[in-house]
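Participant: Pasting the sequence and the predicted model now:
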Amino acid sequence: MTLLAVGSKAPALAGKDQYGKPVSLQEYRGKKVVLYFYPKDDTPGCTKEACAFRDNFPNFQKIDAEVLGVSIDSAAKHTKFAEKYQLPFRLLADEEKSAVEAYGVWGKKKFMGKEYMGTNRVTYLIDAEGVIEKVWPKVTPASHAEEILNYLGEKT
(Lines give C-alpha, C1' and ligand atoms only; values in the text may rest on other atoms or scores of the structure.)
Protein backbone atom coordinates (compact mmCIF):
# COMPACT_ATOMS: atom_id res chain seq x y z
CA MET A 1 0.00 0.00 0.00
CA THR A 2 1.56 3.27 -1.15
CA LEU A 3 -0.51 6.29 -0.19
CA LEU A 4 -0.50 9.55 -2.12
CA ALA A 5 1.59 12.38 -0.74
CA VAL A 6 0.31 15.65 0.68
CA GLY A 7 0.68 18.31 -2.01
CA SER A 8 0.03 15.95 -4.93
CA LYS A 9 -2.90 16.35 -7.29
CA ALA A 10 -5.84 14.14 -6.36
CA PRO A 11 -6.54 11.49 -9.02
CA ALA A 12 -9.84 11.68 -10.88
CA LEU A 13 -12.69 9.50 -9.68
CA ALA A 14 -14.70 7.29 -11.97
CA GLY A 15 -17.78 5.52 -10.76
CA LYS A 16 -21.36 5.94 -9.69
CA ASP A 17 -22.91 6.82 -6.38
CA GLN A 18 -25.64 4.94 -4.54
CA TYR A 19 -28.24 6.54 -6.85
CA GLY A 20 -26.46 5.50 -10.05
CA LYS A 21 -25.25 9.06 -10.76
CA PRO A 22 -21.68 9.57 -12.02
CA VAL A 23 -19.21 10.90 -9.44
CA SER A 24 -16.27 13.16 -10.26
CA LEU A 25 -13.99 15.32 -8.15
CA GLN A 26 -14.37 18.08 -10.72
CA GLU A 27 -17.94 18.72 -9.56
CA TYR A 28 -16.59 19.60 -6.09
CA ARG A 29 -14.00 22.12 -7.33
CA GLY A 30 -14.04 25.12 -5.02
CA LYS A 31 -14.87 23.01 -1.95
CA LYS A 32 -12.87 20.80 0.36
CA VAL A 33 -13.62 17.10 -0.04
CA VAL A 34 -13.30 14.51 2.70
CA LEU A 35 -12.70 11.36 0.66
CA TYR A 36 -12.90 8.42 3.00
CA PHE A 37 -12.18 4.86 1.92
CA TYR A 38 -13.70 2.00 3.89
CA PRO A 39 -13.71 -1.79 3.50
CA LYS A 40 -17.36 -2.84 3.34
CA ASP A 41 -20.92 -1.59 3.77
CA ASP A 42 -22.87 -2.56 6.89
CA THR A 43 -19.98 -4.00 8.89
CA PRO A 44 -19.35 -2.82 12.48
CA GLY A 45 -16.38 -0.46 11.92
CA CYS A 46 -17.66 0.89 8.61
CA THR A 47 -21.10 1.53 10.08
CA LYS A 48 -19.60 3.42 13.05
CA GLU A 49 -17.52 5.55 10.70
CA ALA A 50 -20.42 6.29 8.32
CA CYS A 51 -22.76 7.16 11.20
CA ALA A 52 -20.15 9.48 12.71
CA PHE A 53 -19.93 11.30 9.37
CA ARG A 54 -23.76 11.36 9.24
CA ASP A 55 -24.03 12.80 12.76
CA ASN A 56 -21.40 15.45 11.99
CA PHE A 57 -22.59 16.19 8.45
CA PRO A 58 -24.15 19.59 9.33
CA ASN A 59 -20.77 20.67 10.72
CA PHE A 60 -19.06 19.74 7.45
CA GLN A 61 -21.72 21.69 5.54
CA LYS A 62 -21.15 24.77 7.70
CA ILE A 63 -17.53 24.91 6.57
CA ASP A 64 -18.39 24.07 2.94
CA ALA A 65 -16.72 20.64 3.00
CA GLU A 66 -18.17 17.67 1.15
CA VAL A 67 -18.03 14.09 2.43
CA LEU A 68 -17.66 11.23 -0.03
CA GLY A 69 -17.34 7.58 1.04
CA VAL A 70 -15.71 5.00 -1.24
CA SER A 71 -15.75 1.20 -1.15
CA ILE A 72 -15.73 -1.56 -3.75
CA ASP A 73 -19.33 -2.47 -2.91
CA SER A 74 -21.99 -2.12 -5.62
CA ALA A 75 -24.30 0.87 -5.97
CA ALA A 76 -27.19 -1.39 -4.88
CA LYS A 77 -25.37 -2.30 -1.64
CA HIS A 78 -24.56 1.38 -1.09
CA THR A 79 -28.24 2.26 -1.54
CA LYS A 80 -29.32 -0.21 1.15
CA PHE A 81 -26.53 0.95 3.48
CA ALA A 82 -27.30 4.65 2.95
CA GLU A 83 -31.04 4.14 3.44
CA LYS A 84 -30.65 1.90 6.50
CA TYR A 85 -28.50 4.49 8.29
CA GLN A 86 -29.93 7.63 6.64
CA LEU A 87 -26.57 8.71 5.27
CA PRO A 88 -26.85 12.23 3.77
CA PHE A 89 -23.66 12.04 1.68
CA ARG A 90 -22.69 10.17 -1.46
CA LEU A 91 -21.06 6.74 -1.56
CA LEU A 92 -18.95 5.87 -4.59
CA ALA A 93 -19.31 2.31 -5.86
CA ASP A 94 -15.75 1.47 -6.95
CA GLU A 95 -16.44 -2.01 -8.28
CA GLU A 96 -13.64 -1.71 -10.87
CA LYS A 97 -11.21 -0.80 -8.04
CA SER A 98 -9.96 2.21 -10.01
CA ALA A 99 -10.24 4.66 -7.08
CA VAL A 100 -8.86 2.33 -4.39
CA GLU A 101 -5.87 1.58 -6.60
CA ALA A 102 -5.32 5.20 -7.71
CA TYR A 103 -5.35 6.39 -4.09
CA GLY A 104 -3.11 3.54 -2.89
CA VAL A 105 -5.59 2.12 -0.38
CA TRP A 106 -5.95 -1.34 -1.98
CA GLY A 107 -3.50 -3.73 -0.40
CA LYS A 108 -2.72 -6.65 1.85
CA LYS A 109 -4.73 -6.98 5.02
CA LYS A 110 -4.75 -9.50 7.85
CA PHE A 111 -7.71 -10.86 9.74
CA MET A 112 -7.59 -13.77 12.17
CA GLY A 113 -4.19 -14.82 10.86
CA LYS A 114 -5.20 -14.83 7.19
CA GLU A 115 -3.84 -12.45 4.58
CA TYR A 116 -6.04 -11.13 1.80
CA MET A 117 -6.37 -8.13 -0.51
CA GLY A 118 -8.81 -5.41 0.47
CA THR A 119 -9.53 -1.74 0.99
CA ASN A 120 -7.64 -0.14 3.85
CA ARG A 121 -9.43 2.46 5.96
CA VAL A 122 -7.77 5.71 4.84
CA THR A 123 -9.06 9.27 4.48
CA TYR A 124 -7.81 12.04 2.21
CA LEU A 125 -8.69 15.70 2.57
CA ILE A 126 -8.66 17.33 -0.85
CA ASP A 127 -8.52 21.12 -1.01
CA ALA A 128 -10.64 23.41 -3.19
CA GLU A 129 -8.09 23.22 -6.03
CA GLY A 130 -8.01 19.40 -6.11
CA VAL A 131 -4.73 18.96 -4.20
CA ILE A 132 -4.29 16.53 -1.32
CA GLU A 133 -4.07 18.61 1.84
CA LYS A 134 -3.96 15.87 4.50
CA VAL A 135 -3.91 12.08 4.75
CA TRP A 136 -5.16 9.98 7.65
CA PRO A 137 -3.59 6.52 7.15
CA LYS A 138 -4.83 5.16 10.48
CA VAL A 139 -8.46 5.79 11.33
CA THR A 140 -10.53 5.14 14.46
CA PRO A 141 -14.02 4.78 12.94
CA ALA A 142 -16.16 6.20 15.76
CA SER A 143 -14.11 9.39 16.29
CA HIS A 144 -12.68 10.03 12.84
CA ALA A 145 -15.27 12.58 11.65
CA GLU A 146 -14.60 14.72 14.73
CA GLU A 147 -10.85 14.36 14.19
CA ILE A 148 -11.24 15.81 10.69
CA LEU A 149 -13.51 18.60 11.92
CA ASN A 150 -10.95 19.49 14.59
CA TYR A 151 -8.26 19.66 11.91
CA LEU A 152 -10.46 21.82 9.67
CA GLY A 153 -11.37 24.05 12.59
CA GLU A 154 -7.68 24.74 13.14
CA LYS A 155 -7.26 25.53 9.42
CA THR A 156 -10.17 27.94 8.97
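Facilitator: That came in fine, so what should we check first?
Participant: For residue 11, see how far away the most centrally placed residue in the chain is.
Facilitator: With distances taken as CA atoms, centre = their mean, residue 36 lies nearest the centre of the chain, 1.6 Å away. Computed as CB to CB, to the nearest Å, the residue 36 to residue 11 distance reads 15 Å. Using the backbone N, CA and C atoms, a C-beta is placed for each residue, glycine as well.
Participant: Equivalent analysis for residue 142, please.
Facilitator: 28 Å.
Participant: More neighbours: which of those two?
Facilitator: For the pair residue 142 and residue 11, the greater number of neighbours falls to residue 11 (17 against 13), based on other CB atoms under 10 Å.
Participant: what secondary structure does the more buried one sit in?
Facilitator: Of the three states, residue 11 takes coil according to DSSP: H, G, I helix; E, B strand; the rest coil.
Participant: Name every strand pairing with the least confident helix or strand in the chain by mean pLDDT and say which way it goes.
Facilitator: For the chain, using mean pLDDT, DSSP states H and E, the weakest element among its helices and strands is strand 106-111, scoring a mean of 87. Within its sheet, strand 106-111 is paired with strand 114-119 (antiparallel), according to DSSP bridges.
Participant: which of the residues in the partner strand are buried?
Facilitator: By neighbour count, with 16 or more other CB atoms under 10 Å as the criterion, the buried positions of strand 114-119 are 118, 119.
Participant: List the contacts of the helix or strand following that strand.
Facilitator: Once strand 114-119 ends, the next helix or strand along the chain (criterion: DSSP states H and E) is strand 122-126. With contact meaning CB atoms under 8 Å, 6 or more residues apart in numbering, strand 122-126 is reached by 3-4, 10, 25, 28, 32-37, 103-105, 132-137, 139, 144, 148, 151-152.
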